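Q: for reference, the sequence and a predicted model appear below.
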Amino acid sequence: MNESVPARVVIADDDPDIRALVAIAVKRAGLELVESAADGTAAWHALQTHRPDLAVLDMSMPGLTGLEVCRLARSDDSLDGIHLVLLTAAVDDQSRAAGADAGADDFFVKPFSPRELALALSALMATDN
């Protein structure tokens, strides 16, 4: 990835407050927010439209879930190389396993620190350099 061009990010969560916190983390990480979606169907459309480098998805949303969006993204060759991060209120191992099975690169439990999320997003995107 070119250092002068920030990674492009799509975020999706049905809670506007969570979307705002994730947007703060994206900005702190030096990344470019290209779309903020309120449900999984809009998130999938945004991934197809923008072809971002990273998507931060709520695991449980109306329309498509974050897990379903992950699976769709992993099966779409045009999204090869996209990083996927899931957000969830569930802290059990079964939820983590479901996220990993769907192809998520990372997993954050709500509530989360925007600072810690920003650091994790920066680290994840640094793997592309």
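A: Sure, I can see it.
Q: residue boundaries of the strands in this protein?
A: Taking DSSP state E as the criterion, the chain contains strands spanning 8-12, 32-37, 54-58, 83-88, 106-109.
Q: out of those, which is the most enclosed?
A: Looking across the strands of the chain with neighbours counted as mean count of other CB atoms under 10 Å, the highest average goes to strand 54-58: a mean of 29. Quick note: C-beta positions are derived from backbone N, CA and C, even for glycine.
Q: and it, which strands flank it?
A: strand 8-12 (parallel), strand 83-88 (parallel) (DSSP bridges).
Q: can you lay out the ones you listed as TSV showing distance to residue 44?
A: Compiled in TSV, the strands paired with strand 54-58 are given as follows (distance: least, CB to CB, whole Å):
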stretch	distance to residue 44
strand 8-12	9
strand 83-88	12
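Q: just send the ones you listed back as CSV, with mean pLDDT and distance to residue 123 too.
A: Listed next are the strands paired with strand 54-58 as CSV, based on pLDDT from 0 to 100; distance: least, CB to CB, whole Å:
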stretch, mean pLDDT, distance to residue 123
strand 8-12, 98, 14
strand 83-88, 96, 11
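Q: need the strands of the chain in CSV (columns: distance to residue 119).
A: Below are those laid out as CSV (distance: least, CB to CB, whole Å):
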stretch, distance to residue 119
strand 8-12, 15
strand 32-37, 17
strand 54-58, 14
strand 83-88, 12
strand 106-109, 11
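Q: figure out which of these is closest to residue 96.
A: Distance to residue 96, taken as CB to CB, is lowest for strand 106-109 among the strands of the chain, at 5.7 Å.
Q: list the contacts of that closest one.
A: 83-91, 96, 99-100, 117, 120, 124 (CB atoms under 8 Å, 6 or more residues apart in numbering).
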